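Structure of the sequence below:
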Amino acid sequence: MRKLRILDFDTENRPLSYLGQDYTTAEITAMAWCFVDEPKTMTCMLLGRDDPRKILSCFLAAYESADMVTGHYIRMHDLPIINGSLVERRMRTLEDKLTCDTKLDLVKKGPVFSASQENLCAMLGLTAPKVHMNTVLWREANRLTDVGLKLAAKRVIGDVIQHMQLRKALVARNLLSTPTIWRA
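Sure thing, here's the model as predicted:
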């Protein structure tokens, strides 16, 4: 039996328009992905540097070649936003895919600790740092300035690197439930 080809990914997005009251639409500003057993496959694409259709096409190719995708809160955040972006651009949508979501698939824990990626890494003594951005830095990133694009790339790549370490530790400690099929 062959080993699963697992794609780890993350997105960053900015608010684009108001839907009503304080609800906003989202626009992907940065995406990074890497096959967990192939660290040299790390890819980062940025709005303002790369065409949005190209970003989505490149991610889609990696997604479709994966047996499973993983990330933190991907079934409720990243995958729906990516799929909506594909619909908006009249591109083919994401196919059903086996997913390991390290927030949603974490063992039941009650309100004992935060299930944020950063907190879980700290609690487990992992070394990959979280790349922090304050409001001033997020504004640079969301305005797609040269400085902002560099920050967004550092942040999204850092999240993928940190997440790969987190998932490995959670699997080793048997703290994740069985992967789930995500359906678009």
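
Which of the helices or strands spans residue 85?
helix 79-88 (DSSP states H and E).

which helices and strands does the helix or strand just after that helix pack with?
As assigned by DSSP H and E, the chain's next helix or strand after helix 79-88 is strand 97-101. If contacts are counted by 3 or more Cβ pairs under 8 Å, 6 or more residues apart in numbering; DSSP states H and E, strand 97-101 sits against strand 68-71, strand 180-182. Where C-beta positions appear, they are placed from N, C-alpha and C, glycine not excepted.

List the contacts of the helix holding residue 85.
11, 13, 26-28, 31, 52, 56, 59-60, 69, 92-94, 99, 182, 184 (Cβ atoms under 8 Å, 6 or more residues apart in numbering).

that older thread, pick the most deeply packed of the helices and strands packed on strand 97-101.
Compared across the helices and strands packed on strand 97-101, strand 68-71 shows the largest average neighbour count, a mean of 23 (mean count of other Cβ atoms under 10 Å).

still on that earlier bit, export the helices and strands packed on strand 97-101 to JSON lines and tack on distance to residue 77 and mean pLDDT?
Output for the helices and strands packed on strand 97-101, formatted as JSON lines (distance: least, Cβ to Cβ, whole Å; pLDDT from 0 to 100):
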{"stretch": "strand 68-71", "distance to residue 77": "9", "mean pLDDT": "98"}
{"stretch": "strand 180-182", "distance to residue 77": "12", "mean pLDDT": "96"}
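
With distance to residue 132 as extra columns, can I get those strands in CSV?
Shown next, in CSV, are the helices and strands packed on strand 97-101 (distance: least, Cβ to Cβ, whole Å):
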stretch, distance to residue 132
strand 68-71, 19
strand 180-182, 29
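
hmm, back to that, for the helix holding residue 85, the distance to its chain's centre please.
In terms of Cα atoms, centre = their mean, to the nearest Å, the centre of helix 79-88 is found 13 Å from the chain centre.

Next, the buried residues of that helix.
79, 81, 82, 83, 84, 85, 86 (16 or more other Cβ atoms under 10 Å).

rewinding a little: residue 168 is nearest to which of the helices and strands packed on strand 97-101?
Among the helices and strands packed on strand 97-101, the nearest to residue 168 by Cβ to Cβ is strand 68-71 (10.2 Å).
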